[in-house]
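Visitor: Provided below are the primary sequence and the corresponding predicted coordinates.
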Amino acid sequence: MRCTLLLAACLALSSACTANLPAIDDTISEGAQRADYPELEPLPNLLARSEAGSSIEVQTEALQARVSRLKARARALKGRTIIDGATRLRLLEATKGKPA
């Protein structure tokens, strides 16, 4: 009796969980459905690529180097004025009569 109740509960639960799933066939394009399966690569090739360093590690190192360069540029530009003296005077003269 318990086994029957357990089986019925499992069946009811599984049917309730799968009732609202979208149709998978509608989400795959025709081109993807007609495409060939990808080629399998031999395991030694995959292992050699994994030992050489992943592309994520290479990209992370490149990004860290770029961040360092940008921070160095920011430190070099800190405190420097962008506007030359003549332009600064002209801007000050133009804003003297205007309210802030």
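Guide: Arrived safely.
Visitor: point out where the chain drops to low pLDDT.
Guide: Low-confidence regions of the chain, defined by pLDDT under 70, span residues 15-22, 25, 53-54, 98-100.
Visitor: do a quick rundown of the helices in it.
Guide: With DSSP state H, the ranges of helices along the chain come out as 2-17, 30-34, 43-51, 55-77, 85-95.
Visitor: how far is the first one from where the chain is centred?
Guide: Helix 2-17 has its C-alpha centroid displaced from the chain centroid by 41 Å (CA atoms, centre = their mean, to the nearest Å).
Visitor: can I get it in PDB? Just the C-alpha atoms.
Guide: The C-alpha trace of helix 2-17 is given here as PDB (Å, rounded to 0.1, in the frame of the first residue of the first chain):
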ATOM      1  CA  ARG A   2       2.800   2.400   0.900                       C
ATOM      2  CA  CYS A   3       4.600   1.600  -2.300                       C
ATOM      3  CA  THR A   4       1.500   2.400  -4.400                       C
ATOM      4  CA  LEU A   5       1.100   5.700  -2.600                       C
ATOM      5  CA  LEU A   6       4.700   6.600  -3.000                       C
ATOM      6  CA  LEU A   7       4.600   5.700  -6.700                       C
ATOM      7  CA  ALA A   8       1.400   7.800  -7.200                       C
ATOM      8  CA  ALA A   9       2.900  10.800  -5.400                       C
ATOM      9  CA  CYS A  10       6.100  10.600  -7.500                       C
ATOM     10  CA  LEU A  11       4.000  10.400 -10.700                       C
ATOM     11  CA  ALA A  12       1.800  13.300  -9.700                       C
ATOM     12  CA  LEU A  13       4.900  15.400  -8.800                       C
ATOM     13  CA  SER A  14       6.700  14.600 -12.000                       C
ATOM     14  CA  SER A  15       3.600  15.500 -14.100                       C
ATOM     15  CA  ALA A  16       3.100  18.700 -12.200                       C
ATOM     16  CA  CYS A  17       6.800  19.800 -12.700                       C
END
